[in-house]
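Q: Task: produce atomic coordinates for the following.
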Amino acid sequence: MKAEQHFQKALRFEKTQSGLEPATDWESIIELGYMAAHHFLIAGADWRSGTHPSTHAHGLNPKLLRDLNASAEVQKAWSDFDVLRSGNVYGGRTNGAGSAQARLCLKIIKEWAEAAHP
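A: Predicted coordinates for the structure are as follows:
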């Protein structure tokens with residue numbers, strides 16, 4: 001999948017989660033937001049480096065962001081998403097409060113990717 005395809009897929013995930021209700025659909029908002037953020041991140045990495053990442057493993061995204069000298073804000077947004085996803089989606093530790101945080105993290109990562117969009 002090329003960078004633009006990753007970006008378009010991210011937009012579809014983002015659009016789907018944006019129509020969900022934060023208080024009741026928090027698991028879906030977090031999961032779809034995480035997937036959108038991942039695809040924005042891969043597209044942004046490709047556009048910034050000129051090389052498509054050789055792997056799409058979510059666990060390698062922190063290193064990828066460091067290697068690209070992404071801002072601390074972008075790195076933290078991805079880290080926060082990782083914590084949100086594992087704690088809230090798998091652990092069920094939220095009543096919907098995580099929805100706003102997930103949407104903020106997604107916004108930060110999307111803006112980072114868009115800034116590199118050709």
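Q: ok, now which ones touch the closest residue to Pro118 other than its chain neighbours?
A: Among residues not flanking Pro118 along the chain, Trp47 sits closest, at 6.2 Å (Cβ to Cβ, 6 or more residues apart in numbering). Heads up, the C-betas are built off the backbone N, CA and C, glycines and all. Contact partners of Trp47, counting by Cβ atoms under 8 Å, 6 or more residues apart in numbering, are 3, 113, 116-118.
Q: Give me the subset of the residues you listed lying in helices.
A: Of the positions in those, 3, 113, 116 sit in helices, assigned by DSSP state H.
Q: if I look at Lys107, how far off is Lys15?
A: Note on Lys107: its distance to Lys15, by Cβ to Cβ, to the nearest Å, is 14 Å.
Q: circling back to that earlier point, okay, and the residue nearest to Pro118 sits in which element?
A: Taking DSSP states H and E as the criterion, the element that holds Trp47 is helix 26-49.
Q: And for Asp80?
A: When secondary structure is defined using DSSP H and E, the element that contains Asp80 is helix 72-84.
Q: Tell me what angle that helix forms with helix 26-49.
A: Using axes from the mean of the first three to the mean of the last three Cα atoms, to 10 degrees, the interaxial angle of helix 72-84 with respect to helix 26-49 works out to 140 degrees.
Q: Between Lys107 and Lys15, point out the one with more neighbours.
A: Residue environment comparison for Lys107 versus Lys15 gives the larger neighbour count to Lys107, 14 against 11, counting by other Cβ atoms under 10 Å.
Q: Okay, now the unreliable bits of this protein?
A: 52-56, 58, 87-95 (pLDDT under 70).
Q: chain center to the helix holding Trp47: distance?
A: In this view, helix 26-49 has its centroid 3 Å away from the chain centroid, taken as Cα atoms, centre = their mean, to the nearest Å.
Q: ok, now stretch 111-118?
A: 13 Å.
Q: May I see the buried residues of that stretch?
A: Within stretch 111-118, the residues that count as buried by 16 or more other Cβ atoms under 10 Å are 112-113.
Q: Over to stretch 60-76?
A: Burial within stretch 60-76, assessed by neighbour count using 16+ other Cβ under 10 Å, is assigned to 61, 64-65, 68, 70, 74-75.
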